[in-house]
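Chemist: coords below, sequence missing:
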């Protein structure tokens, strides 16, 4: 991830095309830095072409100061694009492996860390890329993508030739799509095409520094004459006091470097002064160190500012985003395909209103969700809103209306209808969604819990053994507290378990409770469930058999079936992990409950950004990426570890089953659960439990430091030691990967968690 | 706007750089189309360079079929970028004006419309651009931006030279940022650099067709030999049956054209089958013609699909977005700066979680809003959520908590607290936000109106005269129904009006009503107001004096002031027009009501996408654009029309004051109001009023057709006749411009509205 040192001013130099003067500008910058007595490190990650023409050779020849150090990490002789040069060399039978993006990035980051330790005074680093911004790196990934984890401040060398306005702006836009900070644009002052004239205005309007210098003199046939004339050119550039010249660039780059650091240093206090955070007690977070300053993010990692005492430590540290930013990062941060999808939709539509309208991104997403996604087999309609909470409010409005129509509920009784649900459930923070939950910590003055909530039996691995923990009421009925299970897969094979004794007991229990409620006058209008896991309620994995039986009972499935498609209560499944966009799927009878000839009976709920094209397009792209991941080797490998036999129904997780089993046996651990991306660890904290408990927060505090990075390079991109951002719910800590987290990162996290728990 | 004709397959041809073979590929495409007996129109919008070397000359020479027609719209001799060529010609003293983007776009669109009328069989149009995608057009705007209103399907000619992988991908990304549909990428098959090998895989993964052909033979010194060899090259290209060649491209472009039309044709039914719209009675919208198919959007216009019977009419029609897509389009659709801002933030952060964290886009936006925006002078804190409705729920939670703490309200009484507000108010669709409004049409089963709502006096222009319409209760008290006012500016000068007799009456009325409510046991916890206009309630502009006095009364300002910063009820102002993001600003005492040492007393409300970087960055960019617009000539001109004297306090609108006054005198119009972007027209509809009334919908129905486009070219980009998308609320229709709508578009809308109303 990003390297930022107080005493090391680093810039990567990208060209708007090949042959635009990248090496000439870099030589000028290197020489000018040295002339100001800064140690200078010139870094060429990949060099192609004959060694006598290599860029670092040019630097060595013309930037002769002993303050200048040059490095080239990977060198190939063929003067073609690096990916081809690497392929050709590999083909030669030298059995050379083509370096991966990870290797390249780690090598660069490592070299930069070495530079940082070498000098007391501020050194300058110039990393010169090859060709244009999207010229392929050795592996074939475009350089702009390959180097992105390093997130280095950028100088773009513009194109001064015919067509160069276009290539300069397009290159800038490609850098911008990767979020790069472009500190300066430099180009030759060609007086015929005058691109600088246009580009000066263009970049000035964007607040980006642009400088121009004269092009070098024409090449001379005599080598020593040519070298003398070139040297004179550089000498002149550096001595020139012209306002737009190289010295102005140097001043500007120095300023950019200090300003960036000053801004990061200022952000904690400014944030504490202005921001009101969600779900945070500001009375407990008053210090600058309580603020996580996120400078950028990439893949599963934030790049966060941490104050460092040593000059040779990076001010920016990789931090694993342990909650996938509240369950939102399905494929990691700043995925270029998702940025491009967002840009495409923004460029085509901006936002366009949705009622009585349609557009492709929304239509395609709806069709996919209804016909080939979670709605397959039952849903016919997609209703868009904008977050999980409003998606739930829409579902409640749908369900209550459908129930009232079906059962002919009087106006007076409508407001008395409650939901049936589970204790520990959470459906969002809007008051209507809160009213569908029992009174609890997420309350507010207007909260009125409407309904009845069962305590649910839950699933976990304790002391290495999976089991179902019963609630006291069920425990009394069944005579056991925990029912051991052969495997997690066995627990989730609900169809088979329907015939068990436990199923009978669940059934009797649910039915009797409902009868009792009916006798007490409790009216219910809908059943609301979170499938699989109640997150905010403490990462409780509910026994799926219990949920299934709740559904069966409220739908009256075992009683006489009516001819209609549904009976009893409508059921709402509240699922999260969405874009900043949500959708409520409904079956046709639910939709029909709102049909009529008066607008007043329509579903009068809508948000201005309903079905916004950008969100829909990103969702479509994400679903496509998931399809690819599903078929990929990483998922196969993870599944294989959890496989019990040949059953395709086996449940599995990205977390290693042996790790899960092992930590479940630690004395400090009460219970563990892993499913898919999620790892939830419930600690033995005595009576210190519940949402306001800080016990898990305290136990896992060492993760905020760099622990257990025993190998030289960590698993984070760039290999710097990484910290872990984690979220806790009382005595439960949970960790969440994305769907494409590297297995090496998961392994490293397991090491860190083990390190903490085994010492707790 | 976009032109799409059944019998006219149009493509614009962009180059990844200059000198990549654009003209050669275009010549091959033109020849191949003609060889298949399609009439072909070659269109060069701008040509620079010596006439004997012009691209259309090349086409004429080698694509000799009499089916081929060539056009060049603007021609300059200097072989430099078009913007420079135009400048040079203008400098020559020929007093030639440089054509504006609008002129260029209208000329192209007009030419295309002419082509469409000429043939029965399907004709092909190839529009060849100049240089690279971002090479400047005559005015200096980049071509990719300049031609965007036409939204033509695109062929990108890739760059086969060294560095060409990068320039091809960057150019593609610049096209994608404008939302263009790229149908194909074509490039020369250079066997040394082998860019095609890389790019074939790259574009195949994106689902974009790519074809390669051999480069033309080297130029021969003898002119006629060169022409013969070139002709042979073209003949070979067209006859070649190779799978990747020009004929495959032609097949593919044909398919793209038919698929696009088929998709548009299919969308209404597919939408009716899958989508559940917000705020729409599907029982009243069952026909395909009830669906507005939005193919793209630009500036203030949608480009919508309408079934056409005549082959020579475009299937896509510009439609003015008359509600600025539910008040969201501050500066029009698909503004390139906003797309770039979104892309920049997405590339840098993706989304990063916010609790206890910070990042620059969110921090800068919060600082701007608190210190230099709506919070200036009173707010200290910004709390982010994600839409107006949740922003309101946050405000309610804040206000109720602060009130309860300040006034030491018991647990039991908390749930009884209501809001004080205005009848007709609307704060969003979540149930909590609904509970802050009186029972009404936007109700649902769980809605329980909590509080008391005054009927408000309102403002409008009737029969040419501004006035304040009193409610029956106030009318009884004051003895008048309507109080005439010298001007709108006078009405909004609230400070001056505080001394009037009306102010005294308002004061007494509000205070007495509150006393009566208190005696009846009504508990109030907060005052909630929509500043200026109650939109969903029927575009009611409330008398600002009445709102001011409500605030003064509930804050107890005229009574003994306490030492604390606030007294009485906290006040919530509900303002809309935001990004898909919202923010609730609060003063420090409100913030302090949640401070403590327990998490349970914090504001436990949050959304996963709280303060998402993309929304914040777009908001920051929008605020910057607004700053520029504020200082610009268009706003000055609009203000000048409304100016009464030298008062900077004068209220004003983008709508012409004379137009507003004139339509207010029509018999069909009850009252009109214009302020800023908004024009609201209340019709004389007898008793047919209220939300479910369709009277305004019916009156303005002619706007769905092309009316009153009397001049040859309409004000829409491209000059095609345009329809108007409008929203109504019962007997009220409203129209909304963005902050940068051209005055010619506003004028044209005024003509259309006049046309409808004067005939109604």
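Modeler: Okay, I see it. Remember, predicted model here, so these are calculated numbers, not experimental data.
Chemist: check residue A:577 and give its pLDDT.
Modeler: pLDDT, residue A:577: 55.
Chemist: with residue A:540 instead?
Modeler: For residue A:540, pLDDT reads 92.
Chemist: next, it: phi, psi?
Modeler: phi -90, psi 120 (degrees, to the nearest 10).
Chemist: now for it, how many residues are close by?
Modeler: Per other Cβ atoms under 10 Å in any protein chain shown, the neighbour tally for residue A:540 reads 26. The way it works is simple: take the backbone N, C-alpha and C, and place the C-beta from them, glycine included.
Chemist: for residue A:596, same thing?
Modeler: 14.
Chemist: got the contact list for it?
Modeler: By Cβ atoms under 8 Å, 6 or more residues apart in numbering or on different chains, the contact list for residue A:596 reads A:602, B:281, B:283.
Chemist: got a winner among the residues you listed for most neighbours?
Modeler: Result: residue A:602 is most packed of the contacts of residue A:596 (other Cβ under 10 Å), 23 neighbours.
Chemist: next, the contact list for it, please.
Modeler: A:594, A:596, B:279, B:280, B:281, B:282, B:283.
Chemist: give me the pLDDT for the closest residue in space to residue A:649 that isn't next to it in sequence.
Modeler: In space, and not counting its chain neighbours, residue A:649 is closest to residue A:493: 6.1 Å by Cβ to Cβ, 6 or more residues apart in numbering or on different chains. Looking at residue A:493, its pLDDT stands at 94.
Chemist: could you check how far residue A:493 is from residue A:531?
Modeler: 16 Å (Cβ to Cβ, to the nearest Å).
Chemist: and the pLDDT at residue A:759?
Modeler: Predicted confidence (pLDDT) for residue A:759: 91.
Chemist: report the contact partners of it.
Modeler: So residue A:759 contacts residue A:702 (Cβ under 8 Å, 6+ apart).
Chemist: the same query, at a cut-off of 7 Å, please.
Modeler: Under the criterion of Cβ atoms under 7 Å, 6 or more residues apart in numbering or on different chains, residue A:759 has no contact partners.
Chemist: got a list of contacts for the helix or strand residue A:505 falls within?
Modeler: Using DSSP states H and E, residue A:505 maps to helix A:501-519. Taking contacts as Cβ under 7 Å, 6+ apart, the residues outside helix A:501-519 that touch it are A:452, A:474, A:477, A:478, A:483, A:497, A:545, A:546, A:549, A:550, A:553.
Chemist: what are the buried residues along it?
Modeler: A:502, A:503, A:505, A:506, A:507, A:509, A:510, A:514, A:517 (16 or more other Cβ atoms under 10 Å in any protein chain shown).
Chemist: what about residue A:656, how many residues nearby?
Modeler: Neighbours around residue A:656, by other Cβ under 10 Å: 18.
Chemist: hang on, it packs against residue A:640?
Modeler: No. Residue A:656 lies out of contact with residue A:640 (Cβ atoms under 7 Å); the separation is 11.4 Å.
Chemist: circling back to that earlier point, let's see which of the contacts of helix A:501-519 end up in helices.
Modeler: Secondary structure from DSSP state H places A:474, A:477, A:478, A:497, A:545, A:546, A:549, A:550, A:553 of these in helices.
Chemist: show me how far the longest helix along chain A is from its chain's centre.
Modeler: Ranked by residue count, the top helix of chain A under DSSP H comes out as helix A:246-274. Distance, stretch centre to chain centre, for helix A:246-274: 26 Å (Cα atoms, centre = their mean, to the nearest Å).
Chemist: helix or strand right after that helix?
Modeler: strand A:292-298.
Chemist: partner strands of that next one, parallel or antiparallel?
Modeler: strand A:301-305 (antiparallel), strand B:357-358 (parallel) (DSSP bridges).
Chemist: worst average pLDDT in those strands?
Modeler: Mean pLDDT, when computed for each of the strands paired with strand A:292-298, is lowest for strand B:357-358, at a mean of 92.
Chemist: mind checking how far that strand is from the chain centre?
Modeler: Here the centre of strand B:357-358 is set off from its chain's centre by 30 Å, with Cα atoms, centre = their mean.
Chemist: and if you look at stretch A:408-415?
Modeler: 45 Å.
Chemist: same question, stretch A:399-412
Modeler: With Cα atoms, centre = their mean, you get 42 Å for stretch A:399-412.
Chemist: mean confidence for it?
Modeler: On average, stretch A:399-412 scores 88.
Chemist: ok, residue A:268 - contacts?
Modeler: Residue A:268 neighbours (Cβ under 7 Å, 6+ apart): A:288, A:291, A:293.
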